[in-house]
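Colleague: coords please:
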Amino acid sequence: MSRAILERVALGELPQTFRLARPGAMVAFGKQDVNSPGYGTAVAAARAGGFEAVQRLAGGRAAVFHEHTIAFAWAGRADDTWSGTHDRFRNIAGIVERALRRLGVDARVGEVPREYCPGDYSVNARGRTKLAGIGQRLIKGAWHIGGVIVVGEGERVRDVLVPVYEALGLDWDPATAGAVADEAPGIVWEEAAHALAAELPAHEPAELDAETLALAERLAPGHVG
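Modeller: Predicted structure coming up:
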């Protein structure tokens, strides 16, 4: 879906679009993962743990989505996509940080040592546990920046990533993978999604159109792990 929106935005067929979704259980692998000798074993481990294996649009290493996470993606048109790369990272990381603070979380932007899918613009709690990861993809004429916020069931992230990262030969500390509900007990998906939407720039809610849905369906086979 993110790729379909990005391509249509690049062609001028869609305006700047922010998508907020409740995904199913999947491990999203990056290009480096796909090229790893242990990729096949990692895919098998993900599926054995009840997660589908998909290939992510943006860069980075394997990340986890499930029914208690928020998937978000922002695509916009630009003639010079490279010049704004870090500004976009800072902007969306700040939005996520402020949204989590609305929920009572001591949220901070920055990488936690030995976190999964490490990144300078991860959003963490107390500088100790990663709650959200962000990645970016650039194509001619458009940019895409998106990621995942773990609202609840952080143990599912830890449990599936242990064998997946072992297969990929990646070092990490499972204790760094957390969830919003660990920091603000009782918070549920709908509250977190509302907080995120409240921090976005002025926008008009919309539903996905038939053309984008059809394009996403055609593109889907290319993203199956």
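
Colleague: quick check: buried residues in the longest strand along the chain?
Modeller: Longest strand in the chain, counting residues (DSSP state E): strand 129-139. Buried positions in strand 129-139, judged by neighbour count with 16 or more other CB atoms under 10 Å: 129, 130, 131, 132, 133, 134, 135, 136, 137, 138. In short, each C-beta sits where N, CA and C put it, glycine included.

Colleague: which of those lies closest to residue 96?
Modeller: Nearest to residue 96, judged by CB to CB, of those is residue 132 at 5.1 Å.

Colleague: thinking the closest one is in contact with residue 148, fair?
Modeller: Yes: counting by CB atoms under 8 Å, residue 132 does reach residue 148; the two are 6.5 Å apart.

Colleague: all strands for this structure, in order.
Modeller: Using DSSP E, strands in the chain cover 17-21, 26-29, 52-55, 63-65, 69-77, 107-109, 123-125, 129-139, 142-150.

Colleague: other residues contacting the fourth one?
Modeller: So the one you mean is strand 63-65. 23-28, 51, 56, 71, 116-117, 133, 135, 147-148, 150, 156-157, 160-161 (CB atoms under 8 Å, 6 or more residues apart in numbering).

Colleague: could you pick out the buried ones from these?
Modeller: 23, 25-28, 51, 56, 71, 116-117, 133, 135, 147-148, 150, 156-157, 160-161.

Colleague: buried set for the longest helix seen in the chain?
Modeller: The residue-count maximum for a helix in the chain (DSSP state H) belongs to helix 85-102. The neighbour-count check on helix 85-102 (16+ other CB under 10 Å) flags 88, 89, 92, 93, 95, 96, 97, 99, 100, 102 as buried.

Colleague: same check on stretch 50-69?
Modeller: In stretch 50-69, counting by 16+ other CB under 10 Å, buried: 51-54, 56-58, 60-66, 68-69.

Colleague: run through the bridge partners of the residue nearest the centre of the chain.
Modeller: What sits nearest the mean C-alpha location of the chain, by CA atoms, centre = their mean, is residue 147, with 1.9 Å. Note on residue 147: beta-bridge partners by DSSP bridges are residue 72, residue 134.

Colleague: so how far is stretch 214-225 from its chain's centroid?
Modeller: Offset of stretch 214-225 from its chain centre (CA atoms, centre = their mean, to the nearest Å): 18 Å.

Colleague: in this structure residue 70 contacts residue 193, no?
Modeller: Yes: contact criterion CB under 8 Å: residue 70 and residue 193 qualify, at 5.7 Å.
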